[in-house]
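In: show me how the following folds:
(chains A, B, C and D)
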2 protein chains.
Amino acid sequence: MRAGRVRIQDIAAEAGVSVTTVSYILNKTPGQTFASETIQRVHDAVTALGYVPNMAARSLVNNRSRLIGVVIPQTELHKEFMFSNPFYGDFLSSVEYTARQNGYHILISGTNADQTYIEVARTRSLDGIIILGMYLEEHYAEIKRAEIPVVLVDCYSENKDFTAVQIDDRQGGYMAAKYLLDKGHRRIAHVTGLLKSRGVNQQRMVGWRMALEDAGIAYDEALLYDGEVSYEHGVKAGEKIAGSFRESGVTAVFVSADIMALGLYKGLKNGGALVPSDISVISFDDTWLAGICDPELTAVRQDVALKGKTAVEAVLGVIDGKLSDKREITLPISIVERGSVCGR
Amino acid sequence: MRAGRVRIQDIAAEAGVSVTTVSYILNKTPGQTFASETIQRVHDAVTALGYVPNMAARSLVNNRSRLIGVVIPQTELHKEFMFSNPFYGDFLSSVEYTARQNGYHILISGTNADQTYIEVARTRSLDGIIILGMYLEEHYAEIKRAEIPVVLVDCYSENKDFTAVQIDDRQGGYMAAKYLLDKGHRRIAHVTGLLKSRGVNQQRMVGWRMALEDAGIAYDEALLYDGEVSYEHGVKAGEKIAGSFRESGVTAVFVSADIMALGLYKGLKNGGALVPSDISVISFDDTWLAGICDPELTAVRQDVALKGKTAVEAVLGVIDGKLSDKREITLPISIVERGSVCGR
DNA sequence: TTCAGCCACTGAAGCGTTTAAGTAACGCCA
DNA sequence: TGGCGTTACTTAAACGCTTCAGTGGCTGAA
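Out: Residues are numbered from 1 along each chain as shown, chains lettered A, B, ... in the order given. Presented below is the predicted three-dimensional model:
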């Protein structure tokens, strides 16, 4: 078991066969048959010499890397990824795990100064890429041209050319608002995440608005708090709401992400409003954050682990040509009732 | 700008030079000079044809991948990574960012059934690996043999053969306990994370114990709560402490990680104990979690982003041969005072 | 007895780069 | 006039693997 470069040729020599034979045996190439004794000799040589295949050489010939790229949105402020945002973190966990189960590794592929993620995909011969939560019209043509298997997650694209994994965010927003309405709330604020990015947050907002309108409540822009998805944005919105709820009549808030809900809690508390007795709160995602705050969050739940798993399976499906290139997979959502909402 | 396979040869033909020339120009190989007009022609051809280099071919010849592996501990329960644990998440963010800044990508490299991370490193020609928080005596020989640049982060190894990035966890534990002692607490419990894994948690525990002993307080095993680092472990410990603090006289708890501190809060609340008036709490790490709970956590702070950055820079240093193979880098820690501790 | 078909295996080309070694042209000095 | 140094390039081997296109020997049917 040496460590240095042991080539397939070395084990061919050791086992007294040709390199072709070794390659066929190690890859279990279909349609190639060998004496079991030969197979044994090859495997013995492999363990004896501590051989591991060289991916670079392999990739070079068959143009596959067993690598799948994951593109995650970066905030404009700090250009680092927010893995610590539980939504992204859990998603990535699930993606990594599912990929590994299938013999793939993942490559986190950000966009930096001198290379787009498409270029990264090309130089590194990525077998496929998973794109999370981006409005990608600008990259659309380039992706199409690169002819690389792509799965879009939480992307609201005008082009329906790629396989997509998503939930019905508009429906989720509708459910959240409807839930509050059914509990007797009439003035319902909404804390959202950067509508201009035209993604899930916008859809959730539209759902909220539709539910209100269906209940005969006119849309009031003053009840909408827009800003970058973050704890801080939640705090600010909470402080504003707490400072005005007695006059404005707001009794409930629908927040578009757990992380903002936690901020909202803080802001409401800073402003002297109690959850849920003064203000009911319903959130979205139901990550583990929803379970660690007090009161625990009632939320629209989506299964982010399932989302990750589904995304990987979809991209592998496209890679293997088993899955058509234009499927939309919509995962179910539900409402989890906890302690952050009370009736009126 | 086509997407298909454009080879260096194609751009050589387009520019009317040899492939060698193209390679030299594109790589800015030192010691090779060319007419500026030729250089221009080559670059024009590159953009005209949309050429991107093929990493596999490049790796094959020079045996470098511009990939650095990151090995993160997995829990025994779920074999997925806990990126959503803010400590790992933030670390990974920082590592990914720093690597990308330097033209590298990271490969999250878990251990699965059929390949150890060392084997992954060898097959994928990883340029280096960063190992986080593992007790690695079992892999020691294999790593050594693989002759791959390694940086250990938060690993307490008996062998001092690798570059290591760390903090003084024992000192941190000591500081935490001392802080509580200085506030007048005498019965101080400690919630730790799986001592048997012999890592940072053990060191922090030892520090706590030393501080107590230095203050003339005998070690009392009943005050130690051991278990896997998790929110749930914190909850359980909190409930036990809340149920007995009046008899046991415990007035303060040192928790070994923020995530457990949040669980502890919950457990204490479940059991009817108030923070900080009944029980003071000091935590470790000071991730963003410490700022989102109520009351905000007083904690021993370490700069996890700096840790990630330092780890990458260290591994790049080893790769380039600039950094000796056996350096220990210890990062500073401090105490951040917030609202979870009160005096006696 | 022949030969088709199968089994077990091999030879060699090719994947897209890098890089050591070489060459041709030119200017310059003695 | 010869030779040396420099500049601007080229030739070709090598990296470690996959895979197409065989080859030789054996069995069994005609």
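
In: which stretches of chain A form helices?
Out: Listed in chain order, the helices of chain A (DSSP state H) span A:8-15, A:19-27, A:36-49, A:55-62, A:86-101, A:117-123, A:137-146, A:169-182, A:200-214, A:231-248, A:258-270, A:289-292, A:304-319.

In: for the last one, packing partners?
Out: Counting contacts by 3 or more C-beta pairs under 8 Å, 6 or more residues apart in numbering or on different chains; DSSP states H and E, helix A:304-319 packs against strand A:67-71, helix A:86-101, strand A:128-132, strand A:150-153, strand A:163-167, strand A:328-331. Backbone N, C-alpha and C define where each C-beta goes, glycine included.

In: angle of the first one against helix A:86-101?
Out: Meaning strand A:67-71. For strand A:67-71 against helix A:86-101, the angle by axes from the mean of the first three to the mean of the last three C-alpha atoms, to 10 degrees is 170 degrees.

In: the helices of chain A: lowest mean pLDDT?
Out: The minimum mean pLDDT among these belongs to helix A:137-146 (a mean of 82).

In: returning to what we had before: select, out of the helices and strands packed on helix A:304-319, the one closest to DNA strand C.
Out: Proximity to DNA strand C, assessed across the helices and strands packed on helix A:304-319 by C-beta to the nearest atom of the strand, is greatest for strand A:67-71 (16.5 Å).

In: from residue B:33, how far off is the most centrally placed residue in chain A?
Out: Residue closest to the mean C-alpha point of chain A, counted by C-alpha atoms, centre = their mean, is residue A:91 at 4.6 Å. Here the criterion is C-beta to C-beta, to the nearest Å. By it, residue A:91 lies 50 Å from residue B:33.

In: rewinding a little: isn't the residue nearest to the centre of chain A right up against residue A:304?
Out: Yes - look at residue A:91 against residue A:304 with C-beta atoms under 8 Å: they come within range, at 5.2 Å.

In: residue A:46 is in contact with residue A:12, isn't it?
Out: No - applying C-beta under 8 Å, one finds residue A:46 not in contact with residue A:12, separated by 10.8 Å.

In: between these two, who's got more neighbours?
Out: Applying other C-beta atoms under 10 Å in any protein chain shown to residue A:46 and residue A:12 shows that residue A:46 carries more neighbours, namely 21 against 18.

In: ok, the nearest residue to residue A:57 once chain neighbours are set aside - contacts?
Out: Spatial nearest neighbour of residue A:57, excluding adjacent residues (C-beta to C-beta, 6 or more residues apart in numbering or on different chains): residue B:60 at 5.2 Å. Residue B:60 makes contact with A:54, A:56, A:57, A:60 under the criterion C-beta atoms under 8 Å, 6 or more residues apart in numbering or on different chains.

In: contacting residues for the residue located most distally from the centre of chain A?
Out: For chain A, the residue at maximal distance from the C-alpha centroid (C-alpha atoms, centre = their mean) is residue A:16, at 49.2 Å. Shown in contact with residue A:16 (C-beta under 8 Å, 6+ apart): residue A:41.

In: repeat the analysis, applying 7 Å as the threshold.
Out: Applying C-beta atoms under 7 Å, 6 or more residues apart in numbering or on different chains to residue A:16 gives no contacts.

In: how near is it to residue A:38?
Out: Distance from residue A:16 to residue A:38, by C-beta to C-beta: 9 Å.

In: kindly report the same for residue A:30.
Out: To residue A:38, residue A:30 is 17 Å away according to C-beta to C-beta.

In: just give me the neighbour total for whichever residue of the stretch 151-300 of chain A sits closest to DNA strand D.
Out: Nearest residue of the stretch 151-300 of chain A to DNA strand D: residue A:151, at 24.2 Å (C-beta to the nearest atom of the strand). A count of neighbours around residue A:151, defined by other C-beta under 10 Å, yields 28.

In: and what of residue A:229?
Out: Neighbours of residue A:229 (other C-beta under 10 Å): 24.

In: same deal with residue A:206?
Out: Residue A:206 - counted by other C-beta under 10 Å - has 15 other residues nearby.

In: what residues are up against it?
Out: A:170, A:173.

In: could you do the one 3 residues further on as well?
Out: The contact partners of residue A:209, by C-beta under 7 Å, 6+ apart, come to residue A:219.

In: and the one 4 residues further on, by the same measure?
Out: The neighbourhood of residue A:213, defined by C-beta under 7 Å, 6+ apart, consists of residue A:219.

In: that one and chain B, how far apart?
Out: Distance, residue A:213 to chain B, using C-beta to the nearest C-beta, to the nearest Å: 34 Å.

In: likewise for residue A:119?
Out: Distance, residue A:119 to chain B, using C-beta to the nearest C-beta: 5 Å.

In: that residue contacts residue B:52, doesn't it?
Out: Yes - between residue A:119 and residue B:52 there is a contact at 5.4 Å, judged by C-beta atoms under 7 Å.

In: which parts of stretch A:265-280 are buried?
Out: A:265, A:266, A:267, A:268, A:269, A:271, A:273, A:275, A:276, A:278, A:279, A:280 (16 or more other C-beta atoms under 10 Å in any protein chain shown).

In: the fourth one and residue A:252: what is the separation?
Out: Applying C-beta to C-beta, the value for residue A:268 to residue A:252 is 12 Å.
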